[in-house]
Each structure stands twice: as C-alpha cells, then as structure tokens.
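**Q** Quick one: sequence plus predicted model below, questions after.
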Protein chains: 2
Amino acid sequence: MAEPRFDVVGIGNAIVDVLAHAGDDFLAGNGLAKGAMTLIDAAAAKSLYQKIGPAVECSGGSAANTIAALASLGGAGAFVGKVRDDQLGEVFAHDIRALGVHFATPPSPDGPPTATCLILVTPDAQRTMQTFLGACVDLGPDDVDEGVIAAASVTYLEGYLWDPPAAKKAIVKAAKAAHAAGRRVSLSLSDPFCVDRHRAEFLDLIERHVDILFANEHEIMSLYQVDAFDDALQAVRGHCQIAALTRSEKGSVVVAGDEVHVVDAEPVAKVVDTTGAGDAYAAGFLFGVTAGRDLAQSARIGGIAAAEVISHMGARPDRPLRDLVREKLG
Amino acid sequence: MAEPRFDVVGIGNAIVDVLAHAGDDFLAGNGLAKGAMTLIDAAAAKSLYQKIGPAVECSGGSAANTIAALASLGGAGAFVGKVRDDQLGEVFAHDIRALGVHFATPPSPDGPPTATCLILVTPDAQRTMQTFLGACVDLGPDDVDEGVIAAASVTYLEGYLWDPPAAKKAIVKAAKAAHAAGRRVSLSLSDPFCVDRHRAEFLDLIERHVDILFANEHEIMSLYQVDAFDDALQAVRGHCQIAALTRSEKGSVVVAGDEVHVVDAEPVAKVVDTTGAGDAYAAGFLFGVTAGRDLAQSARIGGIAAAEVISHMGARPDRPLRDLVREKLG
C-alpha cells in the first residue's frame, strides 16, 4: 500500500456561513429550533436574511471546517464539495485552498447558488443554523475521485450529506473506494434532527462501512433512541472500531473495543460562539490518530482545537492550531 | 426649516471588506504599503486574493462604516453608495439596512462587481488595505436625492470618494443641496495618500463647503504639507467651523474657532484590528454633535466608538454602541 498523500479527505456540503447575533426572543418569534440545524429553501432563506441583524460571512460546512482545522493543525487535507461559480463559491474555494487543502470539485456552472447557512448566535454562545443547500444538491458520484480517496488515510463524511439526495451515491462510492484501498472511513452524525431523518441509513452505514464515528451526546442518544448517555455508550461499543463522543463542557469519551477514555474539556476563558466545536474536535482527533498518537492524546488535541474555535465568532480557527497544540502539549 | 429626518447622511464607496491576517514579511514580499489604502484593479485584486490566507467578509466602506456606527449609537442615518446586483452587493445592502439605515441607491445592473477591499491585519493590529473600486465607479449625481440630503442635519463625505471620477459631481451636488437646506457638510480626509492625490480639490472643498472636518494626524499634516501636528492644527484653525483630529492612542484634538479640546483615548484591553477606528470616531462625534452634546463630550463618544471597533476584527461594531455609551457616560 502506497504512503497516503492526505491524512484526511472530507466530503461534505460546501457552505458559506452568514453569522449574526440574535436574542432568544428573535428565535422564538420566528419559530427557529434553538441549537439545531434546520433545512430551509431559497425563499425562506431570503425572508429570514431580511429579518436578521448585520452579519459577517465566513466559509463553513461541517466537513469543510474539519478539513480546514486539520490543515491548521499541520495535517494534509483534501475536500470534496459543491459550490456554484458565483462570488460566495469563490470565497469558499479561496478559504479552503488558502490553507493548502486540495479542493478540485468543479463548481456548478448553473443551477442554485452556493449554499449559505444563516447562523444566529445567542448571548449564551449557542448557535442556531438555518441552511439553504443551494449548489450542494448537485454533488454526485462523478465528483468523487477514487484516486484522491485511495490517497487518504481516512475518508471523513458528514451526516448532513444525507440531506441532498444525489450525494448518497457519492458517499457509498467513496466508502467503498476507501476500504478497497485499505483506508479507513469516518462519519460524523452532525445533528440530532439529521439523525432522526436518516437513522436507518446511518445505522446501516456504521455497520458496514464506518471505522471511526463522531457524535455528540444528543446525536448518539438519538441514533440508538435511548435516554441516557451511558446507554448510548454501551450500544455503540463494538458497533464500530472507534467512537469519539463529545459532551461540550464535560469533555469527550472515546471507546474502541475494550479501551475507554474519558477526557476533560480544555478550559476556555469565554465561550463566544459554539459553531464548529464538533468539527474542530473531529479535526484534532483525526490529526492525532493519523499522526500515530494514542486515542487519549488524540481526544486531547480535539479538545484543544474545539476550545480555540468556540472562543470567537465563526467555525474555523482564527489562529494556527499547530502553534496552540505545540504550546499545550509541547 | 423642517425637523431633520436623519442625523447624518453619508456618501461613500460601498465596499465589502475581505479581512485576513498577514505577517509583515507578506506585506514586504508583495510590495504592499503598510497602513495605507492602495487602489488596485480587478486583475491585481484577483492575484492578491489568491495569495492571502483564509478570510472573513464584512461590510465596509469608510462612510458606510460611519453611518453603521451612528445607527448602532441610536442615531438616524442614511447612506448613498453604489453596489452591483450581485451576492456581495446583497451582503452590503443587507448589513446597512439591518441597522435601520435608509439605503436606496439602486444597484448597478451591469458593469464591474461590488467593490471589495482586501484588508491585511498584521500582528501589531495595523491594517493595510487594497481596494478594488468595482461598481463604485458608477456612482453619479443621479444617485444623490436632494430630498434625503435636505432631510439630514449633516451630509458626511469620505475623501476616498474623489477616487472614482464620476463621484465628484455627486459630491458637489450633495454639498450644495445641504447648504441650500441650511444643513452642515462634513468631510473625512480618509488617508494620507488619498490627500496627496486630491490635495487641491480637498483644500478648495474645505474652503467652500466643509463645516466639520475629520482627519488623523498624518492626513492633516499631509493636507497642509507640514511636518508637525501642531503646525497642522494652527493651519486648520479657522479654515472650517469644526475640525476633529484623531491621534490613535494619543486621543483627539477638537478645534472650533477659539475653542480647543484635547481628549484622551478610551482605554482598550487589547487592540486587535484598527480597521474602521477613524470611521467609528466620526460616527460618535457626529452623533454627539447632532444630539446637542458639547464638543468635548462628542469627542469622548467618538473615542468610545473607536475603542469598541479596534477590539475585534472588522470595521463595524460587534455590539450595540448605544449600550456602551450608556455604560460609560450614563
């Protein structure tokens, strides 16, 4: 087996985030499900945008954030995702390539515009996301280059990818190509409502294809339809090789066969915006694992990456994570 | 004279800022004039964008930032400036309207895209700006609604407006309409190199039309071609009704006939990005003056607004300035 060119290739929805502050009364008044990711159409996106306050635009997308953070850690990343050939598509492509990430998915020349996610950050630093999938619906199996998949130690899939219908074939193609090349497949469950929408398919994929699973406590409890975190922990054990379960300020729990680690969260002076916390954790964990670190150290790197990302607005690191890890772990 | 509907109407280049971190070595390696605003064409903008790191996009533009900060202080603002009917034009229009600002300039249906300013923030928090004027070159006298000008206590012009050639007629039309309606005209000198490009026209405009002048120490020294701040202070005294001169951490000096105030800068825990400091100062000062505060208090409000804006990335306030002023001044 050839030496991998990439540590991780991510496949996900290519999205530009539109971040604004909002109060809980605004969420309630507009019927928005706090803390969740809700899909909206172009008309609803336009209408909501007109109601929200001044915003800033940052590249986003769950798996794209993970690959960006991986690159910021010093890892070699690739990304597959669909934008349109419009201004926001250029923003997305610039930001991920500027980190040295291989991004070669051709933009759609027509059809819906580049996807946007309206992210409302409440004073408690919680984020509520309304996603217009836009050009993401045009991602298909032709966008998956099996050579790139085979060249990556890990192929990382976001659960949100199950929302645009054509992407499923791309996912299965990628998972099969990864395993055929002797590589590993990783999945993030993304969101409890997303788990609700696609539970059977997720369980089937985990059973058949997933080696490394990421989920927060709400998502893993939703997946197994249980009411307690420990019940979910017992259920996932053995279901895939490694499961890394995040619990916000309670840190994370990593389970891999008989091995279990409970790792504290990294301290944060002030939590400003939790957008991208899980994405950054996955980046740190995968960076650790692909660099040959043990699971506990990998979880610690995940925690360091997440702590940086939640200390400012926006889902991507504001300073090189590589320096931060060096400071903290030496 | 009817009660004004607006405290300030700003006329300026309508720009979306693209903000990225960069080192001094990057500036030097790319021949960028640190701290200055340099005009670049579409090709240079594209080439530089490909070289810079990941960025965030925020609405900008000097006078637009001032009007945004004025609105954040609780003032009634209007803005005149040209975008295209593209995605970044929508971003600009959304952000300023979301603050309650009247913005009715029709976007260009064709021609160059919405203007962008590539802003590189160095570790010393200094900003270096490369502006592609884009659709701003299409601003002309037809975009100036004399009814809006007459309805504003102050018409505020940015010096950068002298760069797009067609805007000059718009400026003169606005200044005349303001004075015909018994209102005041204010000018910000924008940038020392901008002053170099348009010195004679600025001196003429100040002589004939400007009641309230804003400049930082470099700009005012450039205007009068003197080497010491105090020499510039003596020169500007009597040249227009009120001059508010900013000096970064040294605070500001306000001169109005025999009246002179030297006001300390507001303390800032950590200066992160100085982009928009002067714009925010002008907003605070004009908010004070139009609300009937005295000049020293108005300068203090300017300092409070500037201190907020330099404590984070981006030129516009991140939290309501009205609350901040209430906290500080009661």
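**A** Nice, I can see it. This structure is a prediction, so every number in the text was calculated from the model and none was measured.

**Q** From A:Phe202, how far off is the spatially most central residue of chain A?
**A** By C-alpha atoms, centre = their mean, the mean C-alpha position of chain A lies nearest to A:Ser62, the distance being 3.0 Å. Per C-beta to C-beta, to the nearest Å, A:Ser62 is found 15 Å from A:Phe202. To be clear about C-beta, it is placed using only N, CA and C from the backbone, and glycine gets the same treatment.

**Q** Could you do A:Gly74 as well?
**A** With distances taken as C-beta to C-beta, A:Gly74 is found 31 Å from A:Phe202.

**Q** When the two are compared, which one has more neighbours?
**A** More crowded of A:Gly74 and A:Phe202, by other C-beta atoms under 10 Å in any protein chain shown: A:Phe202, with 23 against 16.

**Q** can you pull the contacts of the more buried one?
**A** Neighbouring residues of A:Phe202 by C-beta atoms under 8 Å, 6 or more residues apart in numbering or on different chains: A:Gly159, A:Trp162, A:Leu187, A:Leu189, A:Val195, A:Leu223.

**Q** Next: A:Ala76.
**A** So A:Ala76 contacts A:Arg5, A:Phe6, A:Asp7, A:Gly100 (C-beta under 8 Å, 6+ apart).

**Q** do that again at 6 Å, thanks
**A** Each residue near A:Ala76 by C-beta atoms under 6 Å, 6 or more residues apart in numbering or on different chains is listed here: A:Phe6, A:Asp7.

**Q** Show the backbone phi and psi for it.
**A** phi -100, psi 120 (degrees, to the nearest 10).

**Q** on that earlier part again, which two of the contacts of A:Phe202 lie the greatest distance from each other?
**A** Within the contacts of A:Phe202, two members stand farthest from each other by C-beta to C-beta: A:Trp162 and A:Leu223, at 12.8 Å.

**Q** Show me which of these two is the more surrounded one.
**A** Ranked by neighbour count (other C-beta under 10 Å), A:Trp162 and A:Leu223 place A:Leu223 first, with 24 against 19.

**Q** From B:Ala2, how far off is that one?
**A** 65 Å.

**Q** same thing with A:Ser47?
**A** Remark: distance between A:Ser47 and B:Ala2 (C-beta to C-beta) = 35 Å.

**Q** Check A:Gly29 too.
**A** A:Gly29 is 35 Å from B:Ala2, by C-beta to C-beta.

**Q** So which of the two has more stuff around it?
**A** A:Gly29 (11 against 8).

**Q** Which pLDDT value goes with the more buried one?
**A** Looking at A:Gly29, its pLDDT is 97.

**Q** do the same with A:Cys240
**A** pLDDT recorded at A:Cys240 is 89.

**Q** Near it, how many other residues are there?
**A** The local packing of A:Cys240 (other C-beta under 10 Å) involves 20 other residues.

**Q** In contact with it, which residues?
**A** A:Cys240 touches A:Ile206, A:Val210, A:Leu213, counting by C-beta under 6 Å, 6+ apart.

**Q** Please name the bridge partners of the last one.
**A** Per DSSP bridges, the residues bridged to A:Leu213 are A:Leu187, A:Ala243.

**Q** distance of A:Pro54 from A:Ala174?
**A** A:Pro54 is 38 Å from A:Ala174, by C-beta to C-beta.

**Q** which residues in the stretch 201-330 of chain A form helices?
**A** Applying DSSP state H, counting those that start in this stretch to the stretch 201-330 of chain A gives helices spanning A:217-223, A:229-236, A:277-290, A:295-309, A:321-329.

**Q** contacts for the helix or strand hosting A:Lys173?
**A** Using DSSP states H and E, A:Lys173 falls within helix A:167-180. Applying C-beta under 6 Å, 6+ apart, the contact partners of helix A:167-180 are A:Ile11, A:Leu139, A:Gly140, A:Pro141, A:Val144, A:Glu146, A:Ile149, A:Thr155, A:Leu157, A:Leu161, A:Val185, A:His209.

**Q** try it again with 7 Å
**A** By C-beta atoms under 7 Å, 6 or more residues apart in numbering or on different chains, the surrounding residues in contact with helix A:167-180 are A:11, A:139-141, A:143-144, A:146, A:149-150, A:155, A:157, A:161-162, A:184-185, A:209.

**Q** What is the nearest of those to A:Ile96?
**A** Using C-beta to C-beta, the contacts of helix A:167-180 come closest to A:Ile96 at A:Ile11, 13.0 Å.

**Q** Nearest residue to the closest one in space, please, no chain neighbours.
**A** Spatial nearest neighbour of A:Ile11, chain neighbours left out: A:Val80 (4.5 Å); criterion: C-beta to C-beta, 6 or more residues apart in numbering or on different chains.
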